[in-house]
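Okay, predicted coordinates and the sequence, questions at the end:
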Amino acid sequence: MKQGNMLAMILAGGRGSRLHELTDKVAKPAVYYGGKYRIVDFPLSNCANSGINIVGVLTQYESVLLNSYVAAGSRWGLDSDDSGVFVLTPREKADTGLDVYRGTADAISQNIDFIDQYNPEYLLILSGDHIYKMNYDKMLQAHIDQGANATIAVRPVPIKEASRFGIMNTNEAGDIVEFEEKPEHPKSNLASMGIYIFNWKDLRKLLISDMKDAESDHDFGKNIIPTMLAENKKLIAYRFEGYWKDVGTIDSLWEANMDLLDEKNELDLSDPTWRIYSKDESSLPAYIGPEAELDRVYLTQGTQVEGMAKNSVLSTLSVVKAGAKVVDTVLMPKAVVEEGATVTRAIVAGGVKIGKGAVVGSADSENIILVSKNVKGVE
């Protein structure tokens, strides 16, 4: 193993129920973003770019597609003799018969044997459903330099939004002195990003003890981190100032796509120095018809536009036919907007067809509309 002998585990088993029909048949980390990417591409690409060569992906709900997708480690250059992406699923428990992870810490506990075979000095734990670029090597260096038992990535958020997150309160040195889970009256604005580095031997002992505690939620935020603080372990906050988005709702997924239209967007998916790797689809280049009108549009390969598109993200093999209008909208792969139809402030799910002359969404709507089924056209 490379990179300070650090192994990564990606928690990718969330149900993603707030994304509604988008996660009815696929796990949240497998949802499309940015024209051609899947959300899980971001932590996997960050691992590859950071020099981490062993990655375990812990899946659970609606995981068939996700399992087959991440198993192809070659997409991220993690398929050599000394590297790999490994899919890890829950084990059936004799007492309940359930094959689920009971919490974030339990997900790691159930895979202690997998981690032990690589004998890592450090363990990196990641959420599989956030969009961001991050060099984990720099975070590890901060962890080592400060002699930490655990390092938690945090990002400043507007104080009015802080109650939505797990908040890390620190002293002047940057040491974490208190953790609050979604506090009603937050004392700081340092939100946990769900990115942790632990000294593996120390964490392993805590996990084994936690497994035996019938009263535990088996959760890092609720149990493991508070226990470490109570034992006066050194926990430090690693401040991250770059782009980071938790795409847990339809509105936030739409917002993250709209961010790509900003010329100064921090994410910059075209940056050759920190590539986000994904599955390459076999398709022709984008086609823009002679009568097409485009204004602030993010185009992906295979897209066909003959109508009007404004302030929108058009994914691989999506189609906007002649006379159709797409405004403030995300078309997911293979979505089709037929002749004369209008779509405004919406996410149109993959493969969905908006019929001829149909009107979907409104410029005045407070929330983004998810269109997950075909819309019948005007007769």
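Cool, the structure landed.

which stretches of this structure have low pLDDT?
Applying pLDDT under 70 to the chain flags residues 1-4, 15-16, 62-63, 81, 91-99, 379.

can you tell me which helix in it is longest?
Identified as the longest helix of the chain according to DSSP state H is helix 200-211.

which residues does A8 contact?
P43, C47, I52, I54, V55, G56, L123, L124, I125, L126, Y136 (Cβ atoms under 8 Å, 6 or more residues apart in numbering). For every residue, glycine as well, the C-beta is placed using N, CA and C.

Export the helix or strand where it lies to CSV, keeping only CA atoms.
Using DSSP states H and E, A8 sits in strand 6-12. Extracted in CSV, the C-alpha atoms of strand 6-12 (Å, rounded to 0.1, in the frame of the first residue of the first chain):
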residue,chain,number,x,y,z
MET,A,6,-3.7,4.6,4.4
LEU,A,7,-6.7,2.7,3.2
ALA,A,8,-10.0,4.3,2.2
MET,A,9,-13.6,3.1,3.0
ILE,A,10,-16.5,4.8,1.2
LEU,A,11,-19.9,4.7,2.9
ALA,A,12,-22.2,4.3,-0.1
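
And for the helix or strand following that strand, what's in contact with it?
Downstream of strand 6-12, the first helix or strand assigned by DSSP H and E is strand 32-33. Strand 32-33 has contacts (Cβ under 8 Å, 6+ apart) with R38, I39, I131, V247, L253, A256, N257, S315, M332, P333, G350.

State the distance from the nearest residue to the third one once chain neighbours are set aside to N265.
It stands for I131. Nearest-residue entry for I131: K245, 4.6 Å, with adjacent residues in sequence omitted and distances by Cβ to Cβ, 6 or more residues apart in numbering. Using Cβ to Cβ, to the nearest Å, K245 is found at 11 Å from N265.

So for the two, which sits in the more crowded spot?
Shown here are K245 and N265; by other Cβ atoms under 10 Å, K245 has more neighbours (18 against 13).

shared neighbours, K245 and N265?
With Cβ under 8 Å, 6+ apart as the test, K245 and N265 both reach D259.

And the helices in the stretch 151-300 of the chain?
200-211, 225-230, 250-259 (DSSP state H, counting those that start in this stretch).

Please enumerate the helices of the stretch 1-150 of the chain.
Using DSSP H, counting those that start in this stretch, helices in the stretch 1-150 of the chain cover 41-49, 64-70, 104-109, 112-116, 136-145.

Can I get those helices in JSON lines including mean neighbour count and distance to E172?
Shown next, in JSON lines, are the helices of the stretch 1-150 of the chain (neighbours: other Cβ atoms under 10 Å; distance: least, Cβ to Cβ, whole Å):
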{"stretch": "helix 41-49", "mean neighbour count": "24", "distance to E172": "30"}
{"stretch": "helix 64-70", "mean neighbour count": "19", "distance to E172": "41"}
{"stretch": "helix 104-109", "mean neighbour count": "24", "distance to E172": "29"}
{"stretch": "helix 112-116", "mean neighbour count": "14", "distance to E172": "35"}
{"stretch": "helix 136-145", "mean neighbour count": "18", "distance to E172": "16"}
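
Output those helices in JSON lines; the columns should cover distance to G13.
Below are these laid out as JSON lines (distance: least, Cβ to Cβ, whole Å):
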{"stretch": "helix 41-49", "distance to G13": "13"}
{"stretch": "helix 64-70", "distance to G13": "9"}
{"stretch": "helix 104-109", "distance to G13": "7"}
{"stretch": "helix 112-116", "distance to G13": "15"}
{"stretch": "helix 136-145", "distance to G13": "21"}
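
So which of those helices is nearest K321?
helix 64-70 (28.6 Å; Cβ to Cβ).

export that closest one as PDB, just CAs?
Extracted in PDB, the C-alpha atoms of helix 64-70 (Å, rounded to 0.1, in the frame of the first residue of the first chain):
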ATOM      1  CA  VAL A  64     -26.900  -4.000  -7.900                       C
ATOM      2  CA  LEU A  65     -26.100  -1.200 -10.400                       C
ATOM      3  CA  LEU A  66     -23.700   0.500  -8.000                       C
ATOM      4  CA  ASN A  67     -21.900  -2.700  -7.200                       C
ATOM      5  CA  SER A  68     -21.200  -3.500 -10.900                       C
ATOM      6  CA  TYR A  69     -20.300   0.100 -11.600                       C
ATOM      7  CA  VAL A  70     -17.700   0.500  -8.800                       C
END
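
quick one: the residue lying closest to L124 once chain neighbours are set aside from P158, how far?
Excluding its sequence neighbours, the residue lying closest to L124 (Cβ to Cβ, 6+ apart) is A8, at 4.3 Å. Taking Cβ to Cβ as the measure, A8 falls 30 Å from P158.

same question, D106
32 Å.

before we move on, what about T170?
Counting by Cβ to Cβ, the gap from T170 to P158 is 18 Å.

if you count what's nearby, which of those two comes out ahead?
Between T170 and P158, T170 has the larger neighbour count (other Cβ under 10 Å), namely 19 against 8.
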